[in-house]
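**Student:** This is the structure alone, sequence omitted:
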């Protein structure tokens, strides 16, 4: 075998090994997921989905972005159909690392202030912009319950 063929073969094997290493390293990476909550009627479904997601993959990084009427699930006194306060869901999930981000634009439209919201939520200027930023700049995958 000539020198150039040997070098080509070696380069190909090296490239294949590097590619396999890259895929193996990515297999262990934390999966980052953004849950889009645009309607408070989907809040119980979202909370159950997130709980199940964490059971299946305890290492997942989850951010919930609530906008439009979805922000109402994070108001003091908001409850699911069974009477469980959403604040309990948030406390339980936040203890497992889930972050909750609430759209300021939606709060303004609903005439809500930060004082109307339960603890452990963060207000962001725009829910839609936050979802786009998480996907485009931070590599989050998108889930809509």
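**Tutor:** Perfect, I can see it now. As the structure is a prediction and not an experimental result, all values here were calculated from the model. Residues are numbered from 1 along each chain as shown.

**Student:** C-alpha only now, for contacts and for neighbours.
**Tutor:** Noted.

**Student:** packing partners for the helix or strand hosting residue 91?
**Tutor:** According to DSSP states H and E, residue 91 maps onto helix 86-94. Helix 86-94 makes packing contacts with no helix or strand when contacts are defined by 3 or more Cα pairs under 8 Å, 6 or more residues apart in numbering; DSSP states H and E.

**Student:** Average pLDDT for that helix, rounded please.
**Tutor:** The predicted model assigns helix 86-94 a mean pLDDT of 96.

**Student:** Could you number the chain from 371 rather than 1 from now on?
**Tutor:** Noted, 371 is the first residue going forward, which turns the last one into helix 456-464.

**Student:** ok, now how distant is the residue nearest the centre of the chain from residue 482?
**Tutor:** Nearest to the mean C-alpha position of the chain, by Cα atoms, centre = their mean, lies residue 404 at 2.3 Å. As for residue 404, its distance to residue 482 is 23 Å (criterion: Cα to Cα, to the nearest Å).

**Student:** Tell me the spacing between the residue nearest to the centre of the chain and residue 478.
**Tutor:** Residue 404 sits 23 Å away from residue 478 when distances are taken as Cα to Cα.

**Student:** now do residue 465
**Tutor:** Applying Cα to Cα, the value for residue 465 to residue 478 is 28 Å.

**Student:** All the strands of this protein, in order from the start?
**Tutor:** Shown for the chain, the strands assigned by DSSP state E span residues 402-407, 431-436, 469-473, 491-494, 511-513.

**Student:** looking at those, which is closest to residue 442?
**Tutor:** Proximity to residue 442 (Cα to Cα) singles out strand 431-436 among the strands of the chain, at 8.7 Å.

**Student:** I'd assumed residue 428 was in contact with residue 401.
**Tutor:** No. At 10.2 Å, residue 401 and residue 428 do not qualify as touching, with contact defined as Cα atoms under 8 Å.

**Student:** Quick check: the nearest residue to residue 504 once chain neighbours are set aside vs residue 466, distance?
**Tutor:** Leaving aside its chain neighbours, residue 504 sits nearest to residue 510 (5.5 Å; criterion: Cα to Cα, 6 or more residues apart in numbering). Between residue 510 and residue 466 the distance, using Cα to Cα, works out to 18 Å.

**Student:** Give me the more crowded residue out of the two.
**Tutor:** Neighbours were counted for residue 510 and for residue 466 using other Cα atoms under 10 Å; residue 510 has more, 20 against 16.

**Student:** With that, I have no additional questions.
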